[in-house]
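Colleague: Below are the sequence and a predicted model; questions follow.
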Amino acid sequence: MIAVTAALAVACAPADQTTAPPTNQVDGVDCTKDKLATLTPGKITFGTDQPVYEPWFVDDDPANGKGFESAVAYALAEELGYAKTDVVWTRVPFLAAIQPGKKTYDMDLNEFSITEERRQAVDFSAPYYDVDQVVITLKSAKAASVKTLAELKSVKVGAQVGTTSYEAALRLQPEEDVAVYNTNEDAKAALRAGQIDALVVDLPTAFYITSAELEDGVIVGQIPRGDGKPEQFGIVLDKGSPLTACVSTAVENLRADGTLAKIEGEWLSAAGTAPELK
C-alpha cells in the first residue's frame, strides 16, 4: 500500500516537479527493442523451470501472463518495447539456469534469490521482490506443535536442493540432518509420506501449498534472516550480459511507477505474513 501511495504521489506531482522521471536509457543508449542484443532479434526469450507453481505461475503455463512472475515478465517486456507476441518462453531446470555456460534464454525468472555465490556465475537484475522463508508441515505431524527455533531441532526438515530455502534450513539444523530434494514436488511427497516432518519454502509458496495442495497443511512460522539483510529475488541473465543494465533499469521503472506493487497486490496479497520463530 505504501508503494502504491508513493507511486500515485509521483503521478500527481505538479508540472514543475524537479525529480527526473525514470528513463529507458543506460549510459545514453536506448534500452529499446531495436537496440537490445537478444538471442533472437525482435524477440525476448524468458526461461523458467518445469513445472512451475502458483502463485508465481498458473497452470504451469508461463505464457498465459497469470501468476506473479509471469505478469512481471510481460510487464518488463512491455517496458522494453516488446509486444506480448514478441515474448518466447523456454524451460530450464532451476540449477542449470544459474550454472556457467551458454544460455538458452535472455533472462530467467524462477524465484532466484540474489546471492554473492550465484553472482560468480550469472548476472542479476535489480531485485523485484523481497521474500521470507517459512516452515510448513501437516496438522498430523509433530512439527505442528513447534513454537520455537529450538523445538525445530528435534524434527526432520527438508528443502529443495540449491535454493535459499535449503540455506535457511541449514540455519535450523546441521547439514547432515536436512533432507534434500530435487524439486518441491518431491519434498511435498516426502512430507505426505512422513519421511520428513516439515518443509522449508518461501512465504507465498507456503501459503499456496498449505491452502491448495495439502489438505491438512499448516504454516509453522517464519525463519529469521541469518544476516538481517532482506532476501530478494532477481532476474537471472548470462554473466556479463549486455542486457543486464537495461533490464535493471526497466525493473526500477516498474517499481517507481507502481507496476510491481500492483502485480504483487494481485497475485501475492493473499500470502500475508507468518509469525517469526524465536
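Modeller: Cool, the structure landed.

Colleague: and the most centrally placed residue in the chain, what is it in contact with?
Modeller: With distances taken as Cα atoms, centre = their mean, Glu111 lies nearest the centre of the chain, 2.6 Å away. Contacts for Glu111 (Cβ atoms under 8 Å, 6 or more residues apart in numbering) come out as 56, 69, 131, 163, 202, 205, 233. Backbone N, C-alpha and C define where each C-beta goes, glycine included.

Colleague: Which residue, other than its chain neighbours, is closest to Asp108?
Modeller: Take Asp108 and drop its neighbours on the chain: the residue closest to it by Cβ to Cβ, 6 or more residues apart in numbering is Gly47, 3.7 Å away.

Colleague: Could you verify that the one you found is part of a strand?
Modeller: Yes. Counting by DSSP: H, G, I helix; E, B strand; the rest coil, Gly47 falls inside a strand.

Colleague: Strands of the stretch 1-150 of the chain, residue ranges please.
Modeller: Taking DSSP state E, counting those that start in this stretch as the test, the strands found in the stretch 1-150 of the chain are 25-26, 29-30, 44-48, 87-91, 107-108, 122-124, 129-131, 133-138.

Colleague: Indicate which one of the ones you listed is closest to Ser241.
Modeller: Of all the strands of the stretch 1-150 of the chain, it is strand 122-124 that lies closest to Ser241, at 5.3 Å by Cβ to Cβ.

Colleague: domain parsing for this protein?
Modeller: Domains of the chain are assigned by automatic domain parsing as 2-130+232-271, 133-222.

Colleague: quick one on the thing from earlier: may I ask you to confirm that the residue nearest to Asp108 is in contact with Val92?
Modeller: Yes. Look at Gly47 against Val92 with Cβ atoms under 8 Å: they come within range, at 4.1 Å.

Colleague: what do these two both touch?
Modeller: Joint contacts of Gly47 and Val92 (Cβ under 8 Å, 6+ apart) are 104-105, 108, 110.

Colleague: Mind checking which of those are buried?
Modeller: The neighbour count (16 or more other Cβ atoms under 10 Å) marks 105, 108, 110 as buried among the shared contacts of Gly47 and Val92.

Colleague: Low-confidence ranges, this structure, go.
Modeller: Where the chain drops to pLDDT under 70, the residues are 1-23, 25, 27-29, 227-228, 270-273.

Colleague: That one: helices as residue ranges?
Modeller: In the chain, the helices defined using DSSP state H lie at 2-11, 68-79, 94-97, 116-119, 149-152, 164-170, 184-192, 203-208, 244-256, 259-267.

Colleague: just to revisit the earlier point, scan the contacts of Glu111 and report the most crowded one.
Modeller: Compared across the contacts of Glu111, Trp56 has the highest neighbour count, 26 neighbours, by other Cβ atoms under 10 Å.

Colleague: Give the burial count for Ala168, as a bare number.
Modeller: Number of residues near Ala168 (other Cβ under 10 Å) recorded here: 26.

Colleague: Ok, Ser248 next?
Modeller: As a burial measure, Ser248 scores 21 neighbours (other Cβ under 10 Å).

Colleague: pretty sure it is in contact with Tyr128, am I right?
Modeller: No. Contact criterion Cβ under 8 Å: Ser248 and Tyr128 do not qualify, at 9.9 Å.

Colleague: on that earlier part again, want to try a markdown table for the shared contacts of Gly47 and Val92, with distance to Gly65 as columns?
Modeller: Converted to a markdown table, the shared contacts of Gly47 and Val92 look like this (distance: Cβ to Cβ, whole Å):
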| residue | distance to Gly65 |
| --- | --- |
| Thr104 | 21 |
| Tyr105 | 18 |
| Asp108 | 17 |
| Asn110 | 17 |
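
Colleague: Out of the strands of the stretch 1-150 of the chain, which gets nearest to Glu252?
Modeller: Using Cβ to Cβ, the nearest of the strands of the stretch 1-150 of the chain to Glu252 is strand 25-26, at 10.8 Å.
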